[in-house]
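Trainee: Need the 3D shape of this:
(chains A and B)
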Amino acid sequence: MSGRLGLPRCDRHVSAPNSSQHDPTQPGWTMHRYRSHTCGEVSAADVDVDVRMSGWLHNRRDLGGVLFVDLRDHYGVVQLVVRPESPAYEPLTSLPKETVVRIDGRVLRRAAENVNPELSTGEVEVEVGDVEVLGSCAALAFNVFPDDRVSEEKRLTYRFLDLRRQRMHHNIMLRAAVIRSLRQKMNDLGFTDIQTPILSAPSPEGARDFLVPARLHPGRFYALPQAPQQFKQLLMVAGFDRYFQIAPCFRDEDSRADRSPGEFYQLDIEMSFVEQEDVFQIVEQVLTDVFHEFAPDQETTSPYPRISYRDAMARYATDKPDLRAKLELVDVSHIFRDSEFRAFAGKNVRALPVPGCSDKPRSFFDQVQEFAVERGAQGLAWVRIDERGELAGPIAKFLTAEDAEQLVAEVKGEPGTAVFFGAGDQTDVTRVMSEVRVEAAKRTDLFEENVFQFCWIVDFPMYEKGEDGTIEFSHNPFSMPQGGLDALQTQDPRDILAWQYDIVCNGVELSSGAIRNHSPEVMYEAFRIAGYSREQVDYEFGGMTRALHYGAPPHGGVAPGLDRIVMLLAGESSIRETIAFPLNQNAQDLLMGAPTEIDEERLKELHLSIRKPQTRGSGSTDSQQG
RNA sequence: GGCCCAGUGGCGCAGUCGGUUAGCGCGUCGCCCUGUCACGGCGAAGGUCGCGGGUUCGAGUCCCGUCUGGGUCGCCA
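Mentor: Alright, predicted model coming up:
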């Protein structure tokens, strides 16, 4: 894998610390205790130079009369050659891999036929004269090299080994480089990097908070911030104009492959005196630049198309569409409202026209259907439009001629187009068909590879109906409603849109943001509709509402998820591959043993007593973990 | 909280219809090998199949429960 960072295969980084500024020809020169050169550094220019290097025993090839050892450090890999006459021969034949050693030796040019083009140091090798063990290595839980598959549990338990592996080492370095680049760009654009508190107050809306008991205040708790949302708005009120932060966010929610349990990072941004377009311009520039910089071989679409929430739900059945899939859904419920066909009548029916299916075998349709059923669909009906423009297929006979005609017209069906149908309850159909759309595209080569397809999802509804029929905020309660106070007072809450937007890339929600509500009157009214009294708002969001009374500028922002950005750039499908020390799915740190039980003394100090759940097996510290 | 998948030497996996000596690759150990770079060759050690119960003449295999891990739905303003 020749690097996304533009580095050759085994190079781990660009520049080395100490080393070559030491000049042996100068008086008073002494060899550094551990190294004159790093492992990635020696080259043909160093031939015949005496060097000292330290690193890990990466791999060994013992040919009997000559021994080759690969020595690895952060910067690269170099081949050591050891002859039986050398005092280093005996130890280096027997030391376990991953032992840390210091070696002294001389750089030799390799014969032309022995050059390894895979290695940046492949033109040379180091003939070893002396070796010293700096760190011995016990029997490995798994190979660092070659890179075998290992369960994630093992990898996390021995994360320090896992992180030595090239892929992980590369991902972590990529993450650092992305952060460095983002900071640079934000600074260049005039944004100020400001820290916000980690110990803060709970947020009544949103996800579950992590809580921290307050020793000085019995019965009270701090909460870790789910995002610095209110603080960044307060910074705007304080007049800082443009804020950013690589901000840690803590949410006590269940994990997913693209959602880290516990904590994650956002490039948190807020700007004053802006409208939606101003925010878009900045973020789009920063993200596009970063994707170009770190994925130069993949196309990144810009400008990003804007899709309204309503449109996205209609055409893609999701508010995070993967635009690499070149298919769109069509809502055809109305055609079948009074149909004789029981499976469709009166239900939510989504059609997915797929062109170019005239020569697809029956198995294609069966496989797509199977895919849908695995995801909980009742079934997946389909028809095919034949050369005469008429419908064929298992359910064609259930459709009247008029229905068929209308259907073909609405899906703009050409001969050879197949149409899949999802029918049923709105929520289920939406969930399944959004995935079927992508799957069908992949199976018909209507899925574009090697591209980052960004889009903005805009015009999110301000409110939605909760399960109990009450009106709730559908996103951020601090968003400005489109139409302002007037809209709140005159429109049906469910029709009100917010200045609320998401960035989606390849089906991954990268970012959410909004133009904020900076007017206290609009704020109280917005909360009133969601069932909050003025007093409640003042109590639960006191800091915010107080600030809005003292001259708040119009402002807005956005917060792209850093982990997901790195995940996309690294080509990984799990966010945990981009985090040095992630929690596992059950929010445990298998290496450090968190969370742990706390002894009685400290609980007492915190004014806490533990009430374990009644259910069997849940006091689960009887596992092997210490 | 629900659902799906997995758990077999140190690691990754195979194990048919329930059938007697549980295989393979990597690693480990021993021997050989002077130009390899995932070196190669020969040989050896190492597992009672996550745990508990059940069905059966007989269970790695079937059933129930449970634990652990991954995925997913709910959840994620």
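Trainee: For the residue nearest the centre of chain A, pull up the helix or strand it's in.
Mentor: Against the mean C-alpha coordinate of chain A, by C-alpha atoms, centre = their mean, the closest residue is A:R564 at 1.8 Å. A:R564 belongs to helix A:562-570 when assigned by DSSP states H and E.
Trainee: buried stuff in stretch A:290-298?
Mentor: Buried residues in stretch A:290-298, defined by neighbour count with 16 or more other C-beta atoms under 10 Å: A:290-291, A:293-295, A:298. Yep, even glycine has a C-beta here, placed from its N, CA and C like the rest.
Trainee: Check the offset of that stretch from the chain's centre.
Mentor: Computed by C-alpha atoms, centre = their mean, to the nearest Å, the separation of stretch A:290-298 from the middle of its chain amounts to 16 Å.
Trainee: which residues are in contact with that stretch?
Mentor: Residues outside stretch A:290-298 that contact it (C-beta atoms under 8 Å, 6 or more residues apart in numbering) are A:4-6, A:174, A:177-178, A:181-182, A:185, A:300, A:450-452, A:565, A:568-569.
Trainee: picking up where we left off before, now the helix or strand that comes right after the helix holding A:R564: mean pLDDT?
Mentor: For helix A:562-570, the following helix or strand on the C-terminal side (DSSP H and E) is helix A:600-605. Averaging pLDDT along helix A:600-605 gives 94.
Trainee: rewinding a little: identify the farthest-apart pair in the buried residues of stretch A:290-298.
Mentor: The largest distance within the buried residues of stretch A:290-298, taken as C-beta to C-beta, falls between A:V290 and A:Q298 and amounts to 12.4 Å.
Trainee: Which helix or strand contains A:A409?
Mentor: Using DSSP H and E, A:A409 maps to helix A:401-410.
Trainee: Tell me the strands beside whichever helix or strand comes after that helix, with direction?
Mentor: As assigned by DSSP H and E, the chain's next helix or strand after helix A:401-410 is strand A:418-424. In the sheet, strand A:418-424 lines up against strand A:348-354 (antiparallel), strand A:381-385 (antiparallel) (DSSP bridges).
Trainee: Run the angle between whichever helix or strand comes after the longest one and strand A:348-354 for me.
Mentor: Just to be clear, that refers to strand A:348-354. Next helix or strand after strand A:348-354 toward the C-terminus (DSSP H and E): helix A:362-374. Inter-element angle recorded for helix A:362-374 and strand A:348-354: 140 degrees (by axes from the mean of the first three to the mean of the last three C-alpha atoms, to 10 degrees).
Trainee: is helix A:362-374 up against RNA strand B anywhere?
Mentor: No - using C-beta under 7 Å from any atom of the strand, helix A:362-374 never reaches RNA strand B; the gap is at least 8.1 Å.
Trainee: re earlier: these two touch, right, the residue nearest to the centre of chain A and A:N506?
Mentor: No - using C-beta atoms under 8 Å as the test, A:R564 is too far from A:N506 to be in contact (10.2 Å).
Trainee: picking that back up, name the helices or strands packed onto the helix holding A:R564?
Mentor: helix A:166-188, strand A:262-272, helix A:276-294, strand A:508-515 (3 or more C-beta pairs under 8 Å, 6 or more residues apart in numbering; DSSP states H and E).
Trainee: when you scan the second one, is anything in it near RNA strand B?
Mentor: Same thing as strand A:262-272. No - Strand A:262-272 lies apart from RNA strand B when judged by C-beta under 7 Å from any atom of the strand; the minimum separation is 9.6 Å.
Trainee: Of all the residues in the lowest-mean-pLDDT helix or strand in chain A, which ones are buried?
Mentor: Least confident helix or strand of chain A, by mean pLDDT, DSSP states H and E, is helix A:362-374 with a mean of 83. Going by neighbour count (16+ other C-beta under 10 Å), the buried part of helix A:362-374 is A:364-365, A:368-369, A:371-372.
Trainee: hmm, back to that, looking at the strands paired with strand A:418-424, which is nearest to RNA strand B?
Mentor: Closest approach to RNA strand B among the strands paired with strand A:418-424 is made by strand A:348-354 (15.3 Å; C-beta to the nearest atom of the strand).
Trainee: Run the chain-centre distance for the closest one.
Mentor: 30 Å.
Trainee: got the contact list for that strand?
Mentor: A:317, A:327-333, A:335-336, A:407, A:410-413, A:417-426, A:429-430, A:433, A:436-437, A:440-441, A:444, A:446.
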